[in-house]
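# coordinates for the following, if possible.
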Amino acid sequence: RKVVIVANLQPRKLRGLTSNGMIVAASIEGGKPVLAAFLEDIPVGARLR
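Residues are numbered from 1 along each chain as shown. Just a heads-up that it's a prediction; the model follows:
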């Protein structure tokens, strides 16, 4: 499964580990997070616009 990530972030320590990016997700109040994905197949490394 392919998901959307933001990979151009400065490295930061989160919970004792170095993070270089963030996974994009959304949720409604009281709901579980849902990963952002695409309806069509796209190549790994494609840029969001």
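
# how about the nearest residue to residue 48, chain neighbours excluded?
Counting by CB to CB, 6 or more residues apart in numbering, residue 48 lies nearest to residue 4, which is 6.9 Å off, once chain neighbours are set aside. In this view, the C-beta of every residue, glycine as well, is placed from N, C-alpha and C.

# for the one you found, the count of nearby residues, please.
Applying other CB atoms under 10 Å, we find 15 other residues in the vicinity of residue 4.

# right, and it touches residue 26 too?
No. Counting by CB atoms under 8 Å, no contact exists between residue 4 and residue 26, whose distance comes to 10.3 Å.

# give me the common contacts of those two.
The overlap between the contact sets of residue 4 and residue 26 (CB atoms under 8 Å, 6 or more residues apart in numbering) consists of residue 36.

# can you pull the pLDDT of the residue nearest to residue 48?
Per-residue confidence at residue 4 stands at 90 (pLDDT).

# what sits against it?
Contacts for residue 4 (CB under 8 Å, 6+ apart) come out as 23-24, 35-38, 48.

# of all those, which comes closest to residue 15?
Within these, the smallest distance to residue 15 is 14.5 Å, found for residue 23 (CB to CB).

# can you pull the contacts of that closest one?
3-5, 35.

# again with residue 25
Residue 25 sits in contact with 33-36, where contact means CB under 8 Å, 6+ apart.

# quick check: end-to-end length of stretch 23-42?
Terminal residues of stretch 23-42 are spaced 17 Å apart (CA to CA, to the nearest Å).

# repeat that for stretch 11-19.
Start-to-end, stretch 11-19 (CA to CA) is 5 Å.

# fine, thanks again, bye for now.
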